[in-house]
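S.K.: From the sequence below, what's the structure:
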Amino acid sequence: MASPIGSMNNVKIFVLYLMRNINYPLDLVTINDIVMQTDYIMYLDFAVAFHEMLDGGLIEETDKNENGDALYAVTRRGAMVAEQLRSDLLPSILDRSLSCALRYLDLKRRGITVDCTSEKRGDTTYDVTFVVKEKDKILMQTTVNVDSEYRSRQMRENFRERPDVIYRGIMALFTGNVNFLFDK
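M.R.: Reported below is the predicted structural model:
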């Protein structure tokens with residue numbers, strides 16, 4: 001199955017663009033995680049593209065992290081390819097993907113994890129639970145009951161895509177900083 005972004009060249013441009021704009025070496029697992037923050041790239045396409053870029057001199061191993069995992073960065077040649085060919089991809093796709101990647105890295109650096117689960121109840125509704133943790137401390141945990149599996153899935157996908165925005169929104173609601181939502 002091909003990635004929604006299109007050809008293998010587009011996959012490479014996409015990965016190079018993200019890595020170049022993050023601008024510091026990353027391990028393979030983190031690169032994979034940032035690429036998978038949106039649904040534009042299929043995992044197998046990423047794996048093939050990554051090794052082709054490594055063999056082609058577009059990315060290189062630069063160091064090892066504290067766990068001994070290789071760290072990779074874009075080479076000068078890779079940066080030129082990313083810059084010259086990025087117009088092959090819609091700017092909105094690149095901007096959204098970079099935003100998601102940077103948000104993911106910020107949360108990861110702070111040790112923040114997010115989780116959401118859904119459980120069907122006996123009355124055909126679903127309990128959807130959202131959790132935001134910083135290291136071992138729960139910052140937010142809430143459960144919402146919804147009427148359908150479809151709504152449950154929408155909520156989980158939206159939460160996984162924007163946990164920081166949802167967390168800030170809930171805090172704003174609870175502190176009364178969004179009075180424009182309330183009828184007067």
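S.K.: pLDDT score for Gly68?
M.R.: The model reports Gly68 with a pLDDT of 94.
S.K.: And what about it, helix, strand or coil?
M.R.: Classification of Gly68 using DSSP: H, G, I helix; E, B strand; the rest coil returns coil.
S.K.: What about it, how many residues nearby?
M.R.: 7 (other CB atoms under 10 Å). For the C-beta atoms, the positions are set from N, CA and C on the backbone; glycine is no exception.
S.K.: now do Val74
M.R.: 25.
S.K.: Likewise for Thr30?
M.R.: 19.
S.K.: secondary structure class for the spatially most central residue of the chain?
M.R.: Central residue of the chain (CA atoms, centre = their mean): Gln37, 2.6 Å from the mean position. Following three-state DSSP, the label given to Gln37 is coil.
S.K.: Could you pull up the contacting residues of the closest residue to it other than its chain neighbours?
M.R.: Using CB to CB, 6 or more residues apart in numbering and skipping residues adjacent in sequence, the residue nearest Gln37 is Cys100, 3.9 Å away. Each residue near Cys100 by CB atoms under 8 Å, 6 or more residues apart in numbering is listed here: 34, 37-38, 161.
S.K.: Redo the residues you listed as JSON lines? Include distance to Thr62 and pLDDT.
M.R.: Putting the contacts of Cys100 into JSON lines (distance: CB to CB, whole Å; pLDDT from 0 to 100) gives the following:
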{"residue": "Ile34", "distance to Thr62": "17", "pLDDT": "86"}
{"residue": "Gln37", "distance to Thr62": "23", "pLDDT": "80"}
{"residue": "Thr38", "distance to Thr62": "25", "pLDDT": "79"}
{"residue": "Glu161", "distance to Thr62": "30", "pLDDT": "79"}
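S.K.: How far off centre is the longest helix seen in the chain?
M.R.: Counting residues, the longest helix found in the chain (DSSP state H) is helix 91-109. Here helix 91-109 is found 6 Å from its chain centre; the criterion is CA atoms, centre = their mean, to the nearest Å.
S.K.: angle of the helix or strand following that helix against helix 91-109?
M.R.: The helix or strand immediately downstream of helix 91-109 is strand 112-120, counting by DSSP states H and E. Strand 112-120 and helix 91-109 are oriented at 100 degrees to each other (axes from the mean of the first three to the mean of the last three CA atoms, to 10 degrees).
S.K.: next one: whichever strand or helix holds Asn9 to chain centre, how far?
M.R.: With elements taken from DSSP H and E, the one containing Asn9 is helix 8-22. Relative to its chain's centre, helix 8-22 lies at 14 Å (CA atoms, centre = their mean).
S.K.: what's that helix packed up against?
M.R.: Applying 3 or more CB pairs under 8 Å, 6 or more residues apart in numbering; DSSP states H and E, one finds that helix 8-22 makes contact with helix 28-35, helix 43-55, strand 70-74, helix 76-85, helix 91-109.
S.K.: do you know which of these lies nearest Val128?
M.R.: Across the helices and strands packed on helix 8-22, Val128 has its closest neighbour in helix 91-109 (20.2 Å, CB to CB).
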